[in-house]
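1. no sequence on hand, only this structure:
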């Protein structure tokens, strides 16, 4: 029997409107999720770079010590394993050896230049007289006018002595900072040679246990890449020195050996090192051999520097550190824009080490015992 009463259905509650996030397309949600994470990463990197810039007087010597240690650690190991040196003797030989090598090269340059200083002075005075005669003949600028120009320059220097003195004091302070940095780099190198493994183990222990295998393997992979970089950098410096010194010898320019030594040492300082050593070679050629040979010497210097910048650095350096040549060029340009000469010097090793470390972590080899 059917009921005479109709079933009363309760009204459905009104549906809640969808949230703004749920109403957006999936692509927009994914882009937004990535966007704020990328912003946080960029801010963190900016803060890290700012901290490094503020602490540059400590960071740069430490980085120099790490690069120097990448050269000296294999030498120390060879002395200990092949020649059976005690550990302390191997470390002392490696540390003092690099100091003695650099000092010997500088001594060779100083002695040869000092021995020929009288000739350089006489040649420079003769070149100045020839230049004065050329000005007088070509532009009718006499000796009295040149003397007047020199007097004007001297008066300008005296008038601006108050502003020049702070610059001189600043230069002296910079030299003091450089000497402190050199000592700090040498001490840091010494401690890395003595106890580098324990220092790295202490750094690894600062991270969570699950991250330690990956971090340790990545660091060791980057260390091997850094050693390859140092060896190739020395090879590039030798090629630069042989090229410019050989060109000077073929052109009959004196002081070819000091020029080669200066080019070798200057190759480790990007931009400024090449400019200073190249200018020295051209100046010697101008004083001793005339302006024609000086122009040819300038062409040789530019040719060697272009060969280094566009062939040696991208190809040899790129293949050794397993970084694409374009990445090498961009790294040097970006490093020089961010931090000047130190940035240009450390750009390639930093990029190479990061590339090797990230590749190791991405490969998953650290999961294997």
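-> Received the coordinates, thanks. This structure is a prediction, so every number in the text was calculated from the model and none was measured. Numbering: from 1, shown residues only.
2. what about the helices in the stretch 1-150 of the chain?
-> Ranges of helices in the stretch 1-150 of the chain, per DSSP state H, counting those that start in this stretch, are 20-23, 26-54, 56-81, 87-115, 117-139, 143-159.
3. ok, residue 226 to residue 23 distance?
-> Taking C-beta to C-beta, to the nearest Å as the criterion, residue 226 is separated from residue 23 by 51 Å. Just so you know, the C-beta spots here come from the backbone N, C-alpha and C atoms, and that holds for glycine as well.
4. what about these two, which has more around it?
-> residue 226 (21 against 10; other C-beta atoms under 10 Å).
5. excluding sequence neighbours, find me the nearest residue to that one.
-> residue 70 (4.5 Å; C-beta to C-beta, 6 or more residues apart in numbering).
6. count the residues that sit near that neighbour.
-> By other C-beta under 10 Å, neighbour count at residue 70 equals 21.
7. repeat for the one 10 residues further on
-> Residue 80 is surrounded by 16 other residues when neighbours are defined as other C-beta under 10 Å.
8. residues touching it, list them.
-> By C-beta atoms under 8 Å, 6 or more residues apart in numbering, residue 80 lies in contact with 86, 87, 90.
9. and residue 27, how far is that from residue 42?
-> On the measure of C-beta to C-beta, residue 27 and residue 42 end up 22 Å apart.
10. can I see the domain layout of this structure?
-> Domains of the chain are assigned by automatic domain parsing as 57-116+171-206, 209-369.
11. now the first one: mean pLDDT?
-> pLDDT averaged over domain 57-116+171-206 equals 87, rounded to a whole number.
12. gap between it and the chain center?
-> 17 Å (C-alpha atoms, centre = their mean, to the nearest Å).
13. and the longest one, by the same measure?
-> Averaged C-alpha coordinates place domain 209-369 at 8 Å from its chain's average position (C-alpha atoms, centre = their mean).
14. tell me the mean pLDDT for it?
-> On average, domain 209-369 scores 83.
15. and the angle from the helix or strand harbouring residue 236 to helix 56-81?
-> Using DSSP states H and E, residue 236 sits in helix 212-250. For helix 212-250 against helix 56-81, the angle by axes from the mean of the first three to the mean of the last three C-alpha atoms, to 10 degrees is 90 degrees.
16. tell me the buried residues in helix 212-250?
-> 214-219, 221-223, 225-230, 232-233, 236-237, 239-241, 243-245, 247-248 (16 or more other C-beta atoms under 10 Å).
17. on contacts alone, who are the packing partners of it?
-> Packed against helix 212-250 by the contact rule (3 or more C-beta pairs under 8 Å, 6 or more residues apart in numbering; DSSP states H and E) you find helix 56-81, helix 161-205, helix 256-266, helix 272-289, helix 291-307, helix 318-321, helix 325-363.
18. what does the third one rub up against?
-> Taking C-beta under 8 Å, 6+ apart as the criterion, the residues outside helix 256-266 that touch it are 102, 105-106, 108-109, 112-113, 237-238, 240-242, 244-246, 248-249, 253, 272-274, 276-278, 280-281, 284.
19. again, only this time at 7 Å
-> 105, 108-109, 112-113, 237-238, 240-242, 244-245, 248-249, 273-274, 276-277, 280-281 (C-beta atoms under 7 Å, 6 or more residues apart in numbering).
20. mind listing what's buried along that helix?
-> 256, 258, 259, 260, 261, 262, 263, 264, 265, 266.
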